[in-house]
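Predicted model and sequence follow; I will ask about them next.
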Amino acid sequence: MIGTLQCVVLDCPEPKALAEFYRGLLGGEVDRPGQQWSLDADWSTLHHGGGVLAFQRVAEYSAPAWPDPAKPQQFHLDIAVEDLGVGKAEVLRSGGSVLDDSYERWAVFADPVGHPFCLVQA
């Protein structure tokens, strides 16, 4: 094990509006401040119980069309790690690949079949 699930991130056109929608369904607190992320017009969170849903603005968002594989579901996992370098090495050893490691506190990877996920420095 290299980390713990920090949150599930959903792509969307309006992060705050979607966070409020899910708050209406699940309860919880929208945009609780935390060191893990910035809260702004492009990012919103919903804290519910022990979990977090996050919502990320995507320019020119195109909604999925269930069950059309040409427009698949859109989300990614954020995984908190103590050491980003150790986490990166383990992802690569396990068959994942680097998509973007140009950030200071996180890196974007793909699993062996191409699903993106992030490792985030805890």
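Great, that's in hand.

for the chain, what spans make up the helices?
Counting by DSSP state H, residue ranges of the helices within the chain are 15-26, 84-93.

Would you mind listing the buried residues in the last one?
Neighbour-count burial for helix 84-93 flags 84, 87-88, 90-91 (criterion: 16 or more other Cβ atoms under 10 Å). In short, each C-beta sits where N, CA and C put it, glycine included.

surely residue 91 meets residue 108?
No: contact criterion Cβ atoms under 8 Å: residue 91 and residue 108 do not qualify, at 10.6 Å.

And the buried residues of helix 84-93, which is closest to residue 63?
residue 91 (29.3 Å; Cβ to Cβ).

That closest one: what's its closest spatial neighbour, skipping adjacent residues?
residue 109 (5.1 Å; Cβ to Cβ, 6 or more residues apart in numbering).

Let me know the pLDDT of the one you found.
Residue 109 is assigned 94 on the pLDDT scale.

Also residue 62?
89.

Pull up the overlap in contacts between residue 91 and residue 108.
Among the neighbours of residue 91, those also in contact with residue 108 (Cβ atoms under 8 Å, 6 or more residues apart in numbering) are residue 98.

quick one: residue 90 from residue 36, how far?
20 Å (Cβ to Cβ, to the nearest Å).

Please read the previous query as pertaining to residue 18.
Note on residue 18: its distance to residue 36, by Cβ to Cβ, is 19 Å.

Could you list the buried residues of the top strand by length along the chain?
The longest strand of the chain (DSSP state E) is strand 3-12. For strand 3-12, burial by neighbour count (16+ other Cβ under 10 Å) applies to 3, 6-7, 9-12.

Name every strand pairing with that strand and say which way it goes.
Strand 3-12 sits in its sheet next to strand 51-57 (parallel), strand 75-81 (antiparallel), going by DSSP bridges.

quick one, it and helix 84-93 angle?
On the basis of axes from the mean of the first three to the mean of the last three Cα atoms, to 10 degrees, strand 3-12 is oriented at 80 degrees to helix 84-93.

and the angle for strand 3-12 with helix 15-26?
Using the same axes, to 10 degrees: strand 3-12 against helix 15-26 is 110 degrees.

May I have strand 3-12 as PDB, with CA atoms only?
The C-alpha trace of strand 3-12 is given here as PDB (Å, rounded to 0.1, in the frame of the first residue of the first chain):
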ATOM      1  CA  GLY A   3      -1.500   5.700   0.100                       C
ATOM      2  CA  THR A   4      -5.100   6.300   1.100                       C
ATOM      3  CA  LEU A   5      -8.000   7.400  -1.000                       C
ATOM      4  CA  GLN A   6      -8.300  11.200  -0.500                       C
ATOM      5  CA  CYS A   7     -11.400  11.800  -2.700                       C
ATOM      6  CA  VAL A   8     -13.200  11.000  -5.900                       C
ATOM      7  CA  VAL A   9     -13.100  13.800  -8.400                       C
ATOM      8  CA  LEU A  10     -15.900  14.400 -10.900                       C
ATOM      9  CA  ASP A  11     -15.500  16.500 -14.100                       C
ATOM     10  CA  CYS A  12     -18.200  19.100 -14.600                       C
END
